[in-house]
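Asker: Predicted model follows, preceded by the sequence.
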Amino acid sequence: MSVLSGLSKADFKTASDGLLELPEEKLRSIMRSEPITDVYHVEQTPFARGKFASVRKIRHLVSGEEYAAKFIRKRRRAADTTREIQHEVAVLALCNDCTRVVRLHEVYETRSEVAIVLELCAGGELQRLLDDDERLPEGAARRALRHVLEGLAHLHARRVAHLDLKPQNLLLSAGGEELLICDFGISRAIQPGAHVREILGTRDYVAPEILSYEPLTLAADIWSVGVLAYVLLSGYSPFAGDTKQETYLNIAQCQLSFPRDIFRGVSQRAIQFIRETLVVDPMGRLTVEECLAHPWLKDESDIPLAIVGVGFDAQDLASDEDSDDEVNGVEVNEVKVKGVNGHSGVNGHNGVNGRKDVNGCNGTNGTHEDDKESVDSRASSPSREERGEREEREEREEEERDKPLKHAHARDLSPPFPDAPSTPKVSRKSAPPPPSVLALCKKFQPDYEKPAPPPPARLTPLSPRDCALPPPRPPRPDRAVLC
């Protein structure tokens, strides 16, 4: 019988700081005090590590079943975080009946740490696919986002905000068919009328209202879903800057763009979904139910049986000049037919995405307005003014494409916020030490106090009299000495 079978929704209470709490007797029934090594064989090398936790594969000594154990230290920065750990256990217990949330098995507690035993997702993190293929085909991205939103709907129905949705916290099943949400270390229960303010999240995925220290809402997860969609479809972060401050400013101002060279082959419905989730005002964002009902996610075409990464060939990411020649070399009807069948699209056999056109963006019918302009231009040659405007536009677009872009799938191990235990710790370069007193004296010493430059080298040999040093001169009392 499961250790969670005796729990009911009435057992879960929400504290004023957004942490879930269970009665002491219920906690004692879940958390076991004997050593975990008495029941499981624990691998010494963790396969995941965070700032205050590590995840190891464990195997039951009797049944041979394999699980993942998350070992969490109770003290962080000399502070006791037992309540935060119990909150994570409570969230997992609350969502134990959801197939899109990693399932809690049991919990072990010692004086210094807690080991949360979870189901093992043999497919690993979704981040692994991005590390291998940089981005996902649009059909695979839709499947992944559907699973994320289905798990998020279960959480939001229970007024729980995850607040740290990112590829590292999304786990794949062994065959890659299913996606599960994990790591609820910084999640919060958001009750109506409550005002919980905390700086929580990961740098590129955090919502702007969190940066403004406004009350936490469930809509913060929708912002993270929009960033996740952008990342999965392009392989780049929408708001990443050269510094943390630049990234935060881009998020606060929602500096959002869709460069055609990295969104080539992505449908307009997908871009519209991202725009409707990345809205600065939390009230203006889609809800989780509206996201699931969005036409892009409701589309059943090109949905693979598993969330697997497919590499993009060089011919799929060809230059714009090649695309121009290709479009101009076929008839209009041929373009539409290939667009419907989807045999030439970047995302594979996708009837909606259709065929690669001049701008690299595809319409729902496999054509784009610029396709029509390109084909119609053969009947009437453009004037000199139109050619000049087009050349200027192409130059501006070329300059925009040449700007450096930030890969989102590259692991940023720097801790963005002090209260995010899910972000691994990394050593940063220390600031240069302040100048010494002697250096300051030399810097501000008057010109007349600085020593005279050495005399030029003499080519003739020196006599003994030349080698004699002059006696030192006593310091003049009328000059100020800085040091």
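Answerer: Cool, the structure landed.
Asker: Can you list the low-confidence ranges for the protein?
Answerer: 1-3, 5-6, 309-483 (pLDDT under 70).
Asker: So the closest residue to residue 254 other than its chain neighbours, which state does it fall into?
Answerer: With C-beta to C-beta, 6 or more residues apart in numbering as the criterion, residue 254 has its nearest non-adjacent residue at 5.0 Å, and that residue is residue 280. In this view, the C-beta of every residue, glycine as well, is placed from N, C-alpha and C. What DSSP: H, G, I helix; E, B strand; the rest coil gives for residue 280 is coil.
Asker: could you list every residue that touches residue 280?
Answerer: Applying C-beta atoms under 8 Å, 6 or more residues apart in numbering to residue 280 gives the contacts 208, 252-254.
Asker: Tell me the helix or strand right after the strand or helix carrying residue 147.
Answerer: Residue 147 is part of helix 138-157 when elements are defined by DSSP states H and E. Note on helix 138-157: by DSSP H and E, the next helix or strand toward the C-terminus is strand 160-161.
Asker: same for that following strand, what does it pack against?
Answerer: strand 188-189 (3 or more C-beta pairs under 8 Å, 6 or more residues apart in numbering; DSSP states H and E).
Asker: Going C-terminal from the strand it packs on, what's the next secondary structure element?
Answerer: Counting by DSSP H and E, the next helix or strand C-terminal to strand 188-189 is helix 208-211.
Asker: Show me what that following helix is in contact with.
Answerer: 163, 198-201, 215-217, 219-220, 223, 248, 251-252, 254, 280, 282.
Asker: since we're on residue 194, how many residues are nearby?
Answerer: Residue 194: 16 surrounding residues under other C-beta atoms under 10 Å.
Asker: per the record, what domains does the chain have?
Answerer: Following automatic domain parsing, the chain resolves into domains at 9-119, 124-298, 320-402.
Asker: Buried deepest among the ones you listed, which one?
Answerer: Neighbour counts (mean count of other C-beta atoms under 10 Å) averaged over each of these peak at domain 124-298, with a mean of 20.
Asker: quick revisit: now the domains of the chain in CSV, with distance to residue 308?
Answerer: Formatted as CSV, those follow (distance: least, C-beta to C-beta, whole Å):
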stretch, distance to residue 308
domain 9-119, 18
domain 124-298, 5
domain 320-402, 11
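Asker: With respect to residue 305, which of those domains lies nearest?
Answerer: In terms of C-beta to C-beta, the element of the domains of the chain nearest to residue 305 is domain 124-298, at 6.4 Å.
Asker: How much space separates residue 106 from residue 176?
Answerer: Counting by C-beta to C-beta, to the nearest Å, the gap between residue 106 and residue 176 amounts to 27 Å.
Asker: do residue 90 as well
Answerer: Counting by C-beta to C-beta - residue 90 and residue 176 are separated by 30 Å.
Asker: what's residue 42 sitting at in phi/psi?
Answerer: phi -110, psi 120 (degrees, to the nearest 10).
Asker: My read is that it contacts residue 54, right?
Answerer: No. Assessed by C-beta atoms under 8 Å, residue 42 is found out of contact with residue 54, at 10.8 Å.
Asker: Residue 105 falls within a strand, correct?
Answerer: Yes. The assignment for residue 105 is a strand, going by three-state DSSP.
Asker: now it, nearest residue through space, not along the chain?
Answerer: Leaving aside its chain neighbours, residue 105 sits nearest to residue 117 (4.3 Å; criterion: C-beta to C-beta, 6+ apart).
Asker: who's that neighbour bridged to?
Answerer: Applying DSSP bridges to residue 117 yields these beta-bridge partners: residue 69, residue 106.
Asker: My read is that it contacts residue 69, right?
Answerer: Yes. Judged on C-beta under 8 Å, residue 117 makes contact with residue 69 at a distance of 5.2 Å.
Asker: Quick check: neighbours shared by these two?
Answerer: Residues touching both residue 117 and residue 69 by C-beta under 8 Å, 6+ apart: 36, 40, 58, 108.
Asker: can you put those residues in TSV and add distance to residue 261?
Answerer: As requested, these are exported to TSV (distance: C-beta to C-beta, whole Å):
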residue	distance to residue 261
36	50
40	49
58	45
108	51
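Asker: Closest one to residue 273 out of those, please.
Answerer: Distance to residue 273, by C-beta to C-beta, is smallest for residue 58 among the shared contacts of residue 117 and residue 69, at 39.1 Å.
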